[in-house]
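>>> fold the following and give me the result.
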Amino acid sequence: MTPAQRAAELRRQLEEHNYRYYVLDAPVISDAEYDRLFDELKRLEERHPELRTPDSPTQRVGGAPRAEFKPVRHRVPMLSLRKCNDEGELRDFDRRVRETLGRQTIDYTAEPKFDGLAVALIYEHGVLTTGATRGDGETGEDVTENLKTIRAIPLRLRGEAPPLVEIRGEVYLPLAGFRRWQEEAEARGEKPPVNPRNAAAGSLRQLDPAITARRPLAFSAYEVGESRGWQAPARHSQALEQIRRWGLPVSPLIELVRGVEACLDYFARMQRRRAQLPFDIDGVVFKLDEFAARAELGAVSREPRWAVAYKFPAEEAETVVENVEFQVSRTGALNPVARLKPVFVGGATVSNATLHNLDEIARKDVRIGDHVIVRRAGDVIPELVRVLAEKRPRHARAVQVPRQCPVCGARVEREEGEVNARCTNGLSCPAQLLGALAHFVSRRAMDIDGLGEKLLTQLIERGWVKSAADLYALTAERLAGLERMGEKSAAKLVAALEASKQTTLERFLYALGIPEVGEATARDLARHFGDLDSLIAAARADAATAHAEREKDRCPRLREVPEVGPVVAARIAHFFTEPRNLEVIARLREAGVRWPQAAPRAASGALAGKSFVITGTLPGVSRDEASALIEAHGGKVTGSVSSKTDYLLAGEAPGSKLAKAEQLNVPVIGWDELQKMLDRGSE
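The predicted structure follows:
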C-alpha cells in the first residue's frame, strides 16, 4: 500500500469511528486504539506533507493564533426565538398557529434547548469551509479554526453532499468535562469556570485554536440554514434525518409530537429528566414540522412565528437589598437598580437586579434593607421577584426618587402617566449623550466599528462630541492623542466613520434613537415615505394633532404607516419638531451621510389605490420582492385580510388567509394574474 493509499485509509477509518462515537453513540474501538490510528496518520503526514488535506482529522489541533475574529454575514438570518414561561403562553402560541393556518392540530418537532452557543457550519461540496457564531443574528464571528477542533463536527460530510449547505447547531460543554475542568483549574490555583455555557462560549472565542482544542466541547445540530443544489424535504424531521446521514450529531431526545397536549407532555418529561442529562438544557423548543406551514406563518421583527422556546422555571435565591440606585438611560429615564448582597444563583454570582420602574417598586413595596427573592435565567438580567415582608427589618427604609440627576445634577421630573422620572437636561446630560451615541454607532444602526463606550466617554469628557454629527468632524490626528489610541487605530476609526456615511434610510432612522421606534418601525417608515423629507413633512403636519381629544384624529399621516399607533405616532411627530433634532439631522447630511433614494409608493400606476394581502409561497420571488413590486405600481400591501382588501395574492400552500378571503368574497389571484394586471396597466 502506498503512503497516499494508507493516509486515505486512515482518514476513512478515523472519520468512521468519529461518526460511530458522536452520531451513533456506538463505538467499536477503544480510545487508545483511536489514538494509535490518529498518531500513525499524523506521522505519515509529517513525512509526506503533500498528503495532508484540509479535512484530515489531524487538522483539528488548531492553527496559528489569530489577531481577531472576522465578521461573517449570515445570508439567511439566524433568528432568535420567542419565549414562553408557562402553560398558558404555550397554549396561546399553539392557538395562534392553528388559527392562522386554519388547522385543528399541528405537528411539532420537540427539541431540548441546549444551554450553549449557536453556530453555523458552511459545507461546500461536502467540506467544512466556514464556521461562525450567531452574533446578532445577521452577522457573526468567523471561528472556523476553533470549530474544527471539535471532534463531533465532521470536516467532511458523509455520502453525497450538495454544492453548499449550512448546518446550524449548538456548541456546548458536557457536564463531566465541565466538572473535570473545574477540578483541574482549582488544583492549579486558577479561577474555575462558573457555568458550562460561559465556559463553552469562552472556549469557542479563544484567539488561539490550540486552547480551544484542549477544551472538551461537543456539538448538536438542529437545523438546515442556507443550501444550494439540494432539494429540501417537506418536513423538518426529515431534514434532521438527512443531517444525521451526513454525519453530524443530532440529539436523540428530539421527538415528533402532535398537538399542544403532546408538547406539554414532552416538556414535563424533559423537566423530570433534566437533572440526569449529561449536559445542561434550560428548556425545550417547539418548531412546526412542515416547511410550507413555516413559510405561511413567516416572521415578525427578528423572531419566527413558527417556533417557540418554552423555558424551564428560573432559578431563585434569597438575598438582601443593600441599596437602590438610579441609572440614566439614553432617553433620560431614571431606571432603578437594586444593589444586592451577593448571592450565587442560576450559575453566577448576582449583586444587582432590575426593578424595572417606579410603579414596580410601589407594587412590590421594595424597601432598602428588605429580604427578597431574586431570579436569574440564562443571560437575562437578574430580576427582583418579590419581597419577604415577614422578614422586613425595622431599619428598612423607602426608596427615594432623586430630585436631581445622579449624573449631571439637573432637575428630575416625572410626568403624569409616566412609569419613571426623567432627567430634564436632554443630550447635555453626559449619560443621555453617551447612551444616544452608543446606540447611533451600534452594529444595527450606523455600524461604526471601533467606537465603544470607553472611547465615547473620552470624547464626551473632552467636549469634542456633543451630538452624533460631531463624530464626523473627528480627525485621525486628534484621535491619536487619546488613551489607548495610536495612529493606526485612529486612522482605522476615521475610515470606519467615512464608510458609515453610505447607509440606508431605515438604518439612519433607527440610529436617530426616536423614542418607541425600533428596527421594524424604522423600516416601515422608510418604505412608506421613501425619503426623509417626506417623513419630516408628515410629522410636522401631524404635530398639531398629536394630542387630539379623539384618538382617531391623532397624527393621521403617520398612522397610515402599518403598525404605527397613536402613541408611537405622537413620539415621531414630537421628535421631528424639536429644533435640536432637526439641526443634528441637517449637520449629519452636510457631513455626507446619505442613502439610496427610495421611491415612495407610486400615487398612480396599474395597481393605484388597490390593497393586497400575500399568502403562500410565490414562484421564484420572495414576499418582500412581491410587496415592493406592488408598491412600485401604486398598490398597498397589508398583513391581514379584511373587507377593505381588494386582492389576495396566493402562492403554494396558502393558509387561513385564503379561507378568510373566500368568506369575505375577496378576489384571489395568483402570480400570473398579477403579472397580467401589470401588463394591462402598462399598455
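>>> now for the residue nearest to D107 when sequence neighbours are not counted, how many residues are close by?
The shortest distance from D107 to any residue other than its chain neighbours is 4.3 Å, reached at D289 (C-beta to C-beta, 6 or more residues apart in numbering). Placement of C-beta: from N, CA and C, glycine included. D289: 23 surrounding residues under other C-beta atoms under 10 Å.
>>> what does the one 4 residues further on give?
A total of 20 residues lie near A293 under the criterion other C-beta under 10 Å.
>>> thinking the residue nearest to D107 is in contact with E255, fair?
No: taking contacts as C-beta atoms under 8 Å, D289 lies outside contact range of E255: 10.8 Å.
>>> all helices for the stretch 51-200 of the chain, in order.
In the stretch 51-200 of the chain, the helices defined using DSSP state H, counting those that start in this stretch lie at 87-101, 144-147, 175-187, 196-204.
>>> point out the most buried one among the ones you listed.
helix 144-147 (a mean of 24; mean count of other C-beta atoms under 10 Å).
>>> which phi and psi does the closest residue to D365 other than its chain neighbours have?
Nearest in space to D365, with sequence neighbours left out and distances taken as C-beta to C-beta, 6+ apart, is V387 at 5.9 Å. The phi/psi pair for V387 (degrees, to the nearest 10) reads phi -100, psi 140.
>>> list the contacts of V387.
V387 makes contact with 364-367, 370-372 under the criterion C-beta atoms under 8 Å, 6 or more residues apart in numbering.
>>> which of those residues are buried?
The neighbour-count test (16 or more other C-beta atoms under 10 Å) marks 364, 366-367, 370-372 as buried among those.
>>> now the strands for the stretch 251-400 of the chain?
Here the stretch 251-400 of the chain has its strands, by DSSP state E, counting those that start in this stretch, at 255-258, 281-288, 299-300, 303-304, 307-311, 315-328, 334-345, 348-354, 367-368, 371-376, 383-387, 397-398.
>>> residues in contact with the last one?
Surrounding strand 397-398, the residues in contact under the criterion C-beta under 8 Å, 6+ apart are 367-369.
>>> for R478, state which of the residues you listed is nearest.
Set against R478, the nearest of those by C-beta to C-beta is I368 (44.8 Å).
>>> beta partners for that closest one?
R397 (DSSP bridges).
>>> contacting residues for it?
By C-beta under 8 Å, 6+ apart, the neighbours of I368 are 321-324, 396-399.
>>> phi and psi next, for R580.
phi -60, psi -40.
>>> that one: neighbouring residues, count only.
R580: 11 neighbours (other C-beta under 10 Å).
>>> surely it touches S428?
No: under the criterion of C-beta under 8 Å, R580 is not in contact with S428, lying 10.0 Å apart.
>>> give me the spatial nearest neighbour of E45, chain neighbours excluded.
Residue nearest to E45 in three dimensions, not counting chain neighbours: R52, with 4.4 Å by C-beta to C-beta, 6+ apart.
>>> helix/strand/coil for I211?
Counting by DSSP: H, G, I helix; E, B strand; the rest coil, the backbone at I211 sits in helix.
>>> separation between it and L217?
11 Å (C-beta to C-beta, to the nearest Å).
>>> P619 now?
Counting by C-beta to C-beta, the gap from P619 to L217 is 43 Å.
>>> specify which residue of the two has the higher count of neighbours.
Taking neighbours as other C-beta under 10 Å, P619 and L217 compare with L217 leading, 25 against 9.
>>> for the nearest residue to that one once chain neighbours are set aside, list the residues it contacts.
The spatially closest residue to L217, leaving aside those adjacent along the chain, is I150, at 4.9 Å (C-beta to C-beta, 6+ apart). By C-beta under 8 Å, 6+ apart, I150 lies in contact with 60, 171, 217-219.
>>> any idea how far I150 lies from E318?
According to C-beta to C-beta, I150 and E318 sit 39 Å apart.
>>> likewise for R478?
Separation of R478 from E318 (C-beta to C-beta) stands at 52 Å.
>>> list the buried residues for stretch 323-335?
Residues of stretch 323-335 classed as buried by neighbour count (16+ other C-beta under 10 Å): 324, 326, 328, 330-335.
>>> and which of those is nearest L658?
When these are compared against L658 (criterion: C-beta to C-beta), the nearest one is T331, at 43.0 Å.
>>> count of residues packed around the residue lying closest to L648 once chain neighbours are set aside?
Spatial nearest neighbour of L648, chain neighbours left out: A661 (4.1 Å); criterion: C-beta to C-beta, 6+ apart. Other residues near A661 number 21, with proximity taken as other C-beta under 10 Å.
>>> same question for the one helix or strand A661 maps to, mean pLDDT?
Using DSSP states H and E, A661 falls within helix 656-663. Averaging pLDDT along helix 656-663 gives 79.
>>> which strands or helices does that helix pack on?
Counting contacts by 3 or more C-beta pairs under 8 Å, 6 or more residues apart in numbering; DSSP states H and E, helix 656-663 is packed against helix 87-101, strand 611-615, strand 647-650, strand 668-669.
>>> among those, which is nearest I381?
That would be, of the helices and strands packed on helix 656-663 and by C-beta to C-beta, helix 87-101, which comes in at 20.0 Å.
>>> give me the average confidence score over the closest one.
93.
>>> have a look at this protein and report its longest helix.
helix 3-22 (DSSP state H).
>>> point out the other helices and strands that that helix packs with.
Judged by 3+ C-beta pairs under 8 Å, 6+ apart, helix 3-22 is in contact with helix 31-47.
>>> tell me the mean pLDDT for the helix it packs on?
The average pLDDT within helix 31-47 is 78.
>>> repeat that for stretch 366-381.
Stretch 366-381 shows a mean pLDDT of 82.
>>> and that stretch, how far from the chain's centre?
Centre-to-centre, stretch 366-381 and its host chain are 25 Å apart (C-alpha atoms, centre = their mean, to the nearest Å).
>>> end to end on it, go ahead and measure it.
Stretch 366-381 has its terminal residues 18 Å apart, counting by C-alpha to C-alpha, to the nearest Å.
>>> do the same with stretch 253-266
End residues of stretch 253-266 are separated by 10 Å (C-alpha to C-alpha).
>>> likewise stretch 416-425?
19 Å.
>>> shared neighbours, D289 and E255?
T109.
>>> tell me who's in contact with the residue nearest to G131 when sequence neighbours are not counted.
Closest residue to G131 apart from its sequence neighbours, by C-beta to C-beta, 6+ apart: L147 at 3.6 Å. Residues near L147 by C-beta under 8 Å, 6+ apart: 119, 121, 128, 131, 153, 171, 204.
>>> then K488?
Contacts for K488 (C-beta under 8 Å, 6+ apart) come out as none.
>>> tell me if it really is in a helix.
Yes: counting by three-state DSSP, K488 is part of a helix.
>>> can you get me a residue count around R623?
17.
>>> residues in contact with it?
Contacts of R623 (C-beta under 8 Å, 6+ apart): 298, 614.
>>> make it 7 Å
Applying C-beta atoms under 7 Å, 6 or more residues apart in numbering, we find R623 in contact with I614.
>>> you'd agree V171 is up against L217?
Yes: V171 is within contact range of L217, at 5.7 Å (criterion: C-beta atoms under 7 Å).
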